[in-house]
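>>> How does the following fold in three dimensions:
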Amino acid sequence: MKLFDICFTYILGNPPLFEQAKPLLPKNLFKALERRAKSKLTFSVLFEKRLSIEIPEKCLRYTPVGDLDYDKTLRTALCAVKPQDVFRLMVATNSRKYLDEAWKKIPALKQIEMTTDISIQAIRNEVLLRVHNDPNNSFIRHEEAFYQCQRKGWADAAVESFKLVPPELRAILFSRQWFKYFFQKNEKSYKDEKILQGMLHAKKTNPFEVTKGTIDRSFFMGNYCFEHLLRQWGEEPIPAKFNIPEIESWLQSYLTSPVGERPSSVRGLMVRS
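Next up is the predicted model:
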């Protein structure tokens, strides 16, 4: 480790010293220290604890501004942590630069055992294709991988799995994620917002059709209530970045349809302009 990193590690590992040093530190250095502490905590809570894997302090590598550098950290960790554990962390953090290198270090028996881990399966299969050039040595279930990563809060990995599902299924997953975020009310989840943002970006770069039937299915699969939908839609406007024209049209279609063909609770809806 560089002397600079050793000093950072020492200060962050001594909270009283950190508090004393705060007023004396240059502003950019103080911000970098705080950013390192936050980045390290996020990595620990979101990835290490959920996977029951611990990366030694000596392996941690940071960017100049204080963010944890996942690529460098996890490659360094290959010398200190079981390669299968490092591989799982690489998938969870969407750190793909050294995936093939990590896979090659995993013992053959462990590679076989890992075929049952759905959350890493889609990306594992990509590695198999590159390392072994064996397209038949995989059982790809991208949808399950998406849901596993979503539940664990691995936003980047969830979005990567989302991109690999067929377009029709992609439309359903997209609509369900939108409703999931919308109905969170006062406890909007950062991970769900980040997943939705990633899905929106994927939709723009590789468009897929979101039909009224798809939205209907996604809404009712979530067991949502129209009364709740209308009340919340009026009380809490959706941020402009999450306005989906197809969902706006879906709501409008209920407003303009004959009375007998729409849920009675929809009649009081005021759709935002």
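
>>> Just the buried positions in stretch 151-168, please.
Along stretch 151-168, the positions that meet the burial threshold by neighbour count (16 or more other CB atoms under 10 Å) are 152-165. Where C-beta positions appear, they are placed from N, C-alpha and C, glycine not excepted.

>>> Then stretch 241-250?
Of the residues in stretch 241-250, those scored as buried under the neighbour-count criterion (16+ other CB under 10 Å) are Ile244, Glu246, Ile247, Trp250.

>>> same thing with stretch 195-204?
For stretch 195-204, the neighbour count (16+ other CB under 10 Å) marks Ile195, Leu196, Gly198, Met199, Leu200, Ala202, Lys203 as buried.

>>> Skip the chain neighbours and tell me the closest residue to Phe162.
Taking CB to CB, 6 or more residues apart in numbering as the measure, Phe162 lies nearest to Phe146, with 5.2 Å between them; neighbours along the chain are not counted.

>>> next one: Asp156
Leaving aside its sequence neighbours, Asp156 sits nearest to Asn94 (CB to CB, 6+ apart; 3.3 Å).

>>> so what secondary structure elements neighbour the helix or strand hosting Glu248?
In this assignment (DSSP states H and E), Glu248 forms part of helix 245-256. Where contact means 3 or more CB pairs under 8 Å, 6 or more residues apart in numbering; DSSP states H and E, helix 245-256 is packed against helix 212-221.

>>> Mind giving me the packing neighbours of the helix it packs on?
helix 167-182, helix 245-256.

>>> hmm, 6 Å instead?
Contact here means 3 or more CB pairs under 6 Å, 6 or more residues apart in numbering; DSSP states H and E; on that basis helix 212-221 packs against helix 167-182.

>>> List the buried residues in the helix or strand Gln232 falls within.
Gln232 is part of helix 226-235 when elements are defined by DSSP H and E. Judged by neighbour count (16+ other CB under 10 Å), helix 226-235 contains these buried residues: Leu229, Leu230, Gln232, Trp233.

>>> Contact partners for Pro83?
With contact taken as CB atoms under 6 Å, 6 or more residues apart in numbering, Pro83 is in contact with Ala102, Lys105, Ile106.

>>> residues near the second one, how many?
Neighbour count of Lys105, defined by other CB atoms under 10 Å: 14.

>>> give the contact list for it.
Contacts of Lys105 were listed using CB under 6 Å, 6+ apart, and they are Pro83.

>>> Check Met90 too.
Remark: with contacts taken as CB under 6 Å, 6+ apart, Met90 is in contact with Leu74, Leu99, Ala102.

>>> most surrounded residue in these?
Neighbours were tallied for each of the contacts of Met90 (criterion: other CB under 10 Å), and the maximum of 26 neighbours falls on Leu74.

>>> which regions of this protein sit below the pLDDT cut-off?
1-15, 17-18, 21-22, 116, 118-119, 121-122, 125-126, 128-141, 185-188, 255-273 (pLDDT under 70).

>>> Tell me which residue is most central in it.
Ala155 (0.3 Å; CA atoms, centre = their mean).

>>> so what does the strand or helix carrying Phe162 touch, helix or strand wise?
Applying DSSP H and E as the criterion places Phe162 in helix 155-163. Helices and strands touching helix 155-163, by 3+ CB pairs under 6 Å, 6+ apart, are helix 142-152, helix 190-205.

>>> Many thanks, we can stop here.
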